[in-house]
Every structure is written in C-alpha cells, then in structure tokens.
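need coordinates for the below:
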Amino acid sequence: MAQFSIGDAVRVRDDYPPGHIRTPFYIRGKTGVIADAVGEFLNPESAAHGGDGLPKQPLYRVRFRQVDAWPSYTGPAGDTLDVEIYEHWLLRAEDAQ
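So this is what the prediction gives:
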C-alpha cells in the first residue's frame, strides 16, 4: 500500500550507496511534492544485482522547484522539475527535519 498521496511534501533521502541506484544524485536531500502515483514496480536496485526485485515498490512522480534543485537557477520562479522516485527513497518532509 502506498505511503504517500498526491500533494504530500517529501524529502529524498540524502544517501549515496554503491550499486545500481535509480535516484539521481542531484535530487538527493531535496524537498518536493508528490505530483502523481505511477504504480508499483519491481525494485530495480535489487533486480539489478540478481535479486527478484520483490517486494514491489510504489513509484511516484515528485515535483521540485527548479531553484530548490539548483540554487543558482536563474529561470522563472515557477519552473519545476518532475522526477520519478521509488518510495523507499522518500521521507515525509516534516519527519526529515
């Protein structure tokens, strides 16, 4: 069952484990908002190392303000970036303080 709902504020774990990681390094530690729940899929981090990818992981589309992703961003303040991130990489924003 999905832990997050559309509109929830989340923070991406600020971890850098070795191996096949699907969470872009530039978004780790950043706060965004759940824009969509995409579905449940095999965990690619486990499957890439010969595992079965189970249990399936909820995948979310998380929306970040560009200026939060890149502090030197000089484009319009309303510009956003959507990144698909598996649930095990997300924390509730208020719990990550």
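
so the closest residue to Leu81 other than its chain neighbours, which of the three states?
Leaving aside its chain neighbours, Leu81 sits nearest to Phe64 (4.9 Å; criterion: Cβ to Cβ, 6 or more residues apart in numbering). Glycine gets a C-beta too; all of them are placed from N, C-alpha and C. Taking DSSP: H, G, I helix; E, B strand; the rest coil as the rule, one finds Phe64 in the strand state.

give the burial count for Phe64, as a bare number.
A count of nearby residues for Phe64, using other Cβ atoms under 10 Å, gives 21.

tell me who's in contact with it.
Applying Cβ atoms under 8 Å, 6 or more residues apart in numbering to Phe64 gives the contacts Ile27, Lys30, Thr31, Gly32, Thr80, Leu81, Asp82, Val83.

name the element the last one belongs to?
Assigned by DSSP states H and E, Val83 falls within strand 80-86.

pretty sure Cys58 sits against Glu87.
Small correction: residue 58 is Pro, not Cys. Yes: when contacts are counted by Cβ atoms under 8 Å, Pro58 is listed as touching Glu87 (4.3 Å).

who touches both of these two?
The contact lists of Pro58 and Glu87 share Ala2, Gln3, Phe4, where a contact means Cβ under 8 Å, 6+ apart.

filter the residues you listed down to the buried ones.
For the shared contacts of Pro58 and Glu87, a burial check counting by 16 or more other Cβ atoms under 10 Å picks out Phe4.

which residues does the lowest-mean-pLDDT helix or strand in the chain contact?
For the chain, using mean pLDDT, DSSP states H and E, the weakest element among its helices and strands is helix 44-47, scoring a mean of 82. Counting by Cβ under 8 Å, 6+ apart, the neighbours of helix 44-47 from elsewhere in the structure are Gly19, His20, Ile21, Arg22, Asp52, Gly53, Leu54, Tyr86.

repeat that for 10 Å
For helix 44-47, the external contacting residues (Cβ atoms under 10 Å, 6 or more residues apart in numbering) are 17, 19-23, 41, 51-55, 57, 59, 86, 88-89.
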